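*Asks:* Provide a 3D model corresponding to the input given below.
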Amino acid sequence: MAVEFNHTIVGSRDKRTAATFLAGMLGLPEPTPFGPFIVVQLDNGVSLDFIEHDGDIASSHYAFLITETDFDAVLGRLQNQGVTYYADPFHSKAGEINTDDGGRGLYFEDPNGHNLEVITRTYGSGSE
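*Replies:* Prediction:
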């Protein structure tokens, strides 16, 4: 049996703004509408389907494995747009990146408070 992750629904106050923010930061194509969703398509066939709803948005964590070159581009976009980034998931090390597993990683928030992470090495794949 083969099991692959296909998509997840991301709650947002403004689905277009949230989806466009994510796609822009990651250097992905413009999000596309599908039914009640605005869809951000990732390179491995997985999509994040943004939907709007009223009320509180429960913060979720989304991590993206990217190349070293893409990491530099994401970091540059964050810095150019004045988005605070952190070396840790608790957001205690502002303006820093981590070098876990011999790669690089950072965390930042989207417009709804979701905790986004970009890493260049899968956890457990390298040295501490």
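
*Asks:* centroid residue for this protein?
*Replies:* The centre of the chain sits closest to residue 116, judged by Cα atoms, centre = their mean, with a distance of 4.0 Å.

*Asks:* quick check: beta-bridge partners of that residue?
*Replies:* In this entry, residue 116 is beta-bridged to residue 62, residue 108, by DSSP bridges.

*Asks:* and it, what pLDDT?
*Replies:* Predicted confidence (pLDDT) for residue 116: 98.

*Asks:* thought it was touching residue 23?
*Replies:* No - if you go by Cβ atoms under 8 Å, residue 116 and residue 23 don't touch, sitting 11.9 Å apart. Glycine gets a C-beta too; all of them are placed from N, C-alpha and C.

*Asks:* returning to that earlier point: list the residues that contact the residue nearest to the centre of the chain.
*Replies:* Taking Cβ atoms under 8 Å, 6 or more residues apart in numbering, we find residue 116 in contact with 22, 25, 61-64, 107-110.

*Asks:* where does this structure have low pLDDT?
*Replies:* The model of the chain has pLDDT under 70 over residues 127-128.

*Asks:* cool, thanks, talk later.
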